[in-house]
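Novice: sequence? don't have it. structure:
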Ligand SMILES: NC(=O)C1=CN([C@@H]2O[C@H](COP(=O)(O)OP(=O)(O)OC[C@H]3O[C@@H](n4cnc5c(N)ncnc54)[C@H](O)[C@@H]3O)[C@@H](O)[C@H]2O)[C@@H](O)CC1
Ligand SMILES: Nc1ncnc2c1ncn2[C@@H]1O[C@H](COP(=O)(O)OP(=O)(O)O)[C@@H](O)[C@H]1O
Ligand SMILES: [K+]
């Protein structure tokens with residue numbers, strides 16, 4: 001699913017209005033009725049106090065339309081206009097008049113207003129700012145936002161949590177509504193998925209307001225949300241007359257004394273996603289543990305006992321996963337540098353291989369084109385230097401990706417895979433994955449997919465999805481805390497099977513149950 005910029009959404013609104021021959025005010029009515037239906041189907045007329053806080057633009061207009069419909073259905077509402085500017089939008093004004101015609105006089109909040117008391121059991125509708133926010137709200141509006149956040153009431157935000165920008169950072173941790181639920185129009189917004197701005201969105205859902213589908217489909221976007229539908233298109237089926245040679249040979253180079261487990265996890269990841277063969281290249285101390293714990297892997301050893309000192313092998317793998325557990329000893333760094341001088345085999349680079357690349361001048365230039373890098377936030381910072389905020393981070397990663405023609409997998413909740421100017425935002429995964437070794441499994445998975453002939457970009461996007469999905473399935477058995485990297489491995493098979501599971505619609509299930 002594509003993630004659009006603010007400008008693209010305004011363009012789609014405009015196109016839809018012209019094509020469907022409707023007015024913008026009718027589109028607003030349509031959008032707000034969707035919100036009303038969502039609330040009405042859940043509250044079913046319950047007399048909970050609903051406070052609607054409406055700005056003076058179209059987001060506020062949505063709030064006013066919603067207020068009118070809630071009133072018509074007998075809900076207990078209070079409407080507050082957050083009067084932060086005199087530039088009221090036309091559709092806001094039309095709907096303000098309609099509300100007044102119904103005998104509802106909103107409470108106007110200005111700079112010196114006392115904020116209304118809100119009880120914990122009330123509901124707050126946040127319609128202060130939507131995608132039009134273009135500068136930090138005034139101090140008094142920020143104070144109102146803090147007041148709403150502190151109320152402990154359930155906050156339902158329309159389109160965006162107010163204070164969250166489409167393309168920029170929230171100025172302070174208290175500068176935006178912390179929404180329990182965001183009902184967003186037509187398309188997901190990038191800010192929902194970044195660590196610094198995603199914290200303002202507990203849950204979100206898209207409401208289809210009928211923007212022109214063909215227009216949306218035809219637009220190129222900088223970001224895409226990756227779910228099952230997107231990765232299914234990448235999936236390569238197993239063929240009947242195939243053999244292990246058909247599915248490639250992955251080599252995992254890594255390990256050092258005390259960190260051989262990382263290599264075992266990566267080797268398992270490679271084989272479990274379907275690589276035909278996997279070999280580990282480890283220091284001598286890794287030979288016995290690997291051979292005894294994972295018989296399916298072949299093992300080659302370095303001449304050194306405890307660290308990688310010379311990456312030299314006589315096999316012909318078609319991809320190498322490099323770096324898990326490898327350490328940053330100068331001897332190992334030199335070995336990596338020497339290896340890169342002559343290597344043409346595709347690479348997946350992780351962990352200390354990335355740290356060595358960051359520390360050694362000129363080494364990044366030696367990476368073969370289409371290398372996949374899988375940094376966690378600290379490793380990414382070593383590669384790029386500091387960034388101002390998550391949006392700046394994405395800009396920097398795109399520049400880096402273009403400069404070195406590489407794929408960068410920015411790991412975290414909602415891992416984002418970047419190639420060139422595009423970012424692919426993952427939707428699978430959970431906080432149980434914040435556990436040692438889960439990244440090693442991912443390196444193995446991406447390497448194993450690459451071995452089977454997936455392109456570097458598809459191996460990264462698909463691998464990140466499978467990895468997160470395996471953890472999502474695992475967590476049903478382990479809970480978050482007891483999820484360990486091996487649990488992810490144990491559920492890779494199920495995450496493949498899950499790709500083809502057809503979800504029965506709820507009404508079909510009910511029909512059967514009768
Ligand atoms: N036809 C449309 O365009 C539709 C728009 N819809 C709603 O319209 C929203 C966008 O509306 P708007 O473009 O009016 O923008 P907003 O309602 O988000 O913001 C209001 C206006 O305030 C001004 N502003 C921005 N930051 C400010 C600040 N810090 N202090 C004071 N003023 C500030 C801007 O000029 C902005 O246009 C969407 O999020 C959505 O809720 C929906 O009604 C669906 C249809
Ligand atoms: N809160 C989270 N939600 C979803 N995924 C997470 C979360 N925390 C970590 N992960 C995932 O777990 C993995 C951790 O990788 P990494 O930090 O390299 O671990 P290690 O080095 O211990 O193997 C990444 O794939 C990351 O996206
Ligand atoms: K809002």
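Specialist: Arrived safely, thanks for sending. Computed from a predicted structure; not experimentally measured. Ligands and ions are numbered 1, 2, ... in the order given.
Novice: switch to C-alpha atoms for all contacts and neighbour counts from now on
Specialist: Will do.
Novice: quick one: the helices in the stretch 251-400 of the chain?
Specialist: Along the stretch 251-400 of the chain, the segments classed as helices by DSSP state H, counting those that start in this stretch run 260-272, 287-293, 330-342, 351-359, 377-384, 390-404.
Novice: winner for burial among the ones you listed?
Specialist: helix 260-272 (a mean of 27; mean count of other CA atoms under 10 Å).
Novice: what's that helix packed up against?
Specialist: Contacts defined by 3 or more CA pairs under 8 Å, 6 or more residues apart in numbering; DSSP states H and E place helix 260-272 against strand 249-253, strand 277-282, helix 287-293, helix 438-451, helix 485-490.
Novice: buried residues, stretch 209-222. List them.
Specialist: Residues of stretch 209-222 classed as buried: 209, 211-212, 216, 221-222 (neighbour count, 16 or more other CA atoms under 10 Å).
Novice: pLDDT value on residue 351, please?
Specialist: On the pLDDT scale, residue 351 is placed at 96.
Novice: in this structure it contacts residue 377, no?
Specialist: No. Assessed by CA atoms under 8 Å, residue 351 is found out of contact with residue 377, at 11.0 Å.
Novice: re earlier: which one of the helices and strands packed on helix 260-272 lies nearest to ligand 2?
Specialist: Closest to ligand 2 of these, according to CA to the nearest ligand atom: helix 438-451, at 3.1 Å.
Novice: which other helices and strands contact the helix or strand following the closest one?
Specialist: Once the chain leaves helix 438-451, the next helix or strand it forms, by DSSP states H and E, is helix 456-478. Using 3+ CA pairs under 8 Å, 6+ apart, the elements in contact with helix 456-478 are helix 228-232, strand 372-373, strand 407-410, strand 416-419, strand 422-426, helix 438-451, helix 485-490, helix 492-499.
Novice: which SSE is the residue nearest to the spatial centre of the chain in?
Specialist: Against the mean C-alpha coordinate of the chain, by CA atoms, centre = their mean, the closest residue is residue 414 at 2.8 Å. For residue 414, there is no host helix or strand (DSSP H and E).
Novice: pLDDT on stretch 328-338, on average?
Specialist: Stretch 328-338 comes out at a mean pLDDT of 97.
Novice: whoops, stretch 402-419 was the one
Specialist: What stretch 402-419 shows for mean pLDDT is 98.
Novice: ditto for stretch 465-482
Specialist: Stretch 465-482 comes out at a mean pLDDT of 97.
Novice: what number of residues lie near the residue lying closest to residue 98 once chain neighbours are set aside?
Specialist: Spatially, and ignoring its direct neighbours in sequence, residue 98 is nearest to residue 68 (7.9 Å; CA to CA, 6 or more residues apart in numbering). Residues lying near residue 68 (other CA atoms under 10 Å) number 24.
Novice: dump the residue contacts of residue 68.
Specialist: Each residue near residue 68 by CA atoms under 8 Å, 6 or more residues apart in numbering is listed here: 98-99, 102.
Novice: now these: which count as buried?
Specialist: Looks like these have residue 99 buried, using 16+ other CA under 10 Å.
Novice: helices - which of the contacts of residue 68 land there?
Specialist: 98-99 (DSSP state H).
Novice: from the contacts of residue 68, pick the one nearest residue 468.
Specialist: residue 99 (47.0 Å; CA to CA).
Novice: domains in the protein, by residue range?
Specialist: 2-221, 231-498 (automatic domain parsing).
Novice: reformat those as JSON lines; add distance to residue 504.
Specialist: Output for these, formatted as JSON lines (distance: least, CA to CA, whole Å):
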{"stretch": "domain 2-221", "distance to residue 504": "20"}
{"stretch": "domain 231-498", "distance to residue 504": "13"}
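Novice: just name the most buried of the ones you listed.
Specialist: On a mean-neighbour basis (criterion: mean count of other CA under 10 Å), the most buried of the domains of the chain is domain 231-498, at a mean of 20.
Novice: near ligand 2 at all, that domain?
Specialist: Yes. Judged by CA under 6 Å from any ligand atom, domain 231-498 comes into contact with ligand 2 at 376, 411-413, 415, 429-431, 433-440, 442.
Novice: picking that back up, closest to residue 261 among the contacts of residue 68?
Specialist: Checking those one by one against residue 261 (CA to CA), the nearest turns out to be residue 99, at 65.7 Å.
Novice: and the gap between that closest one and residue 115?
Specialist: Taking CA to CA, to the nearest Å as the measure, residue 99 and residue 115 are separated by 21 Å.
Novice: now swap in residue 19 and tell me
Specialist: 43 Å.
Novice: same question, residue 121
Specialist: Per CA to CA, residue 121 is found 17 Å from residue 115.
Novice: residues touching residue 85, list them.
Specialist: Neighbours of residue 85 in contact, by CA under 8 Å, 6+ apart: residue 56.
Novice: specify the local secondary structure of it.
Specialist: Of the three states, residue 85 takes coil under DSSP: H, G, I helix; E, B strand; the rest coil.
Novice: how about it, phi and psi?
Specialist: The phi/psi pair for residue 85 (degrees, to the nearest 10) reads phi -160, psi 160.
Novice: before we move on, back to that, out of the domains of the chain, flag the one nearest ligand 3.
Specialist: Closest approach to ligand 3 among these is made by domain 2-221 (4.0 Å; CA to the ion).
Novice: for the closest one, how far is the first residue from the last?
Specialist: 6 Å.
Novice: where in this structure is pLDDT low?
Specialist: Where the chain drops to pLDDT under 70, the residues are 505-514.
Novice: can you pull up the residues of it that come close to ligand 1?
Specialist: So the chain meets ligand 1 at 10, 13, 24, 27-28, 31, 56-60, 62, 84-85, 129-137, 159 (CA under 6 Å from any ligand atom).
Novice: hang on, isn't residue 175 packed against residue 165?
Specialist: No. Counting by CA under 8 Å, residue 165 is not a contact partner of residue 175; they are 10.6 Å apart.
Novice: alongside ligand 3, which residues does this protein contribute?
Specialist: Counting by CA under 5 Å from the ion, the chain comes close to ligand 3 at 126-127, 129-130, 157-158, 160-162.
Novice: what do you get if the cut-off is 6 Å, keeping everything else the same?
Specialist: Applying CA under 6 Å from the ion, one finds that the chain approaches ligand 3 through 126-130, 157-162.
Novice: same list, those residues, but as a markdown table with secondary structure please.
Specialist: Shown next, in a markdown table, are the residues of the chain next to ligand 3 (three-state DSSP):
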| residue | secondary structure |
| --- | --- |
| 126 | strand |
| 127 | strand |
| 128 | coil |
| 129 | coil |
| 130 | coil |
| 157 | strand |
| 158 | strand |
| 159 | coil |
| 160 | coil |
| 161 | coil |
| 162 | coil |
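Novice: and the furthest pair within those residues?
Specialist: Of all pairs in those, the most separated under CA to CA is 128 and 159 at 10.3 Å.
Novice: shared neighbours of the two, which are they?
Specialist: residue 59.
Novice: quick one: end-to-end length of stretch 78-88, please.
Specialist: End-to-end distance (CA to CA), stretch 78-88: 20 Å.
Novice: swap that for stretch 344-353, please
Specialist: End-to-end distance of stretch 344-353 (CA to CA): 17 Å.
Novice: ditto for stretch 315-331
Specialist: The first-to-last residue distance of stretch 315-331 comes to 23 Å (CA to CA).
Novice: run through who's touching that stretch.
Specialist: 248-256, 259-263, 266, 307-309, 332, 345-356, 440, 443-444, 447, 450-451.
Novice: at 6 Å what do you get?
Specialist: For stretch 315-331, the external contacting residues (CA atoms under 6 Å, 6 or more residues apart in numbering) are 249-256, 259, 262, 309, 345-353, 447, 451.
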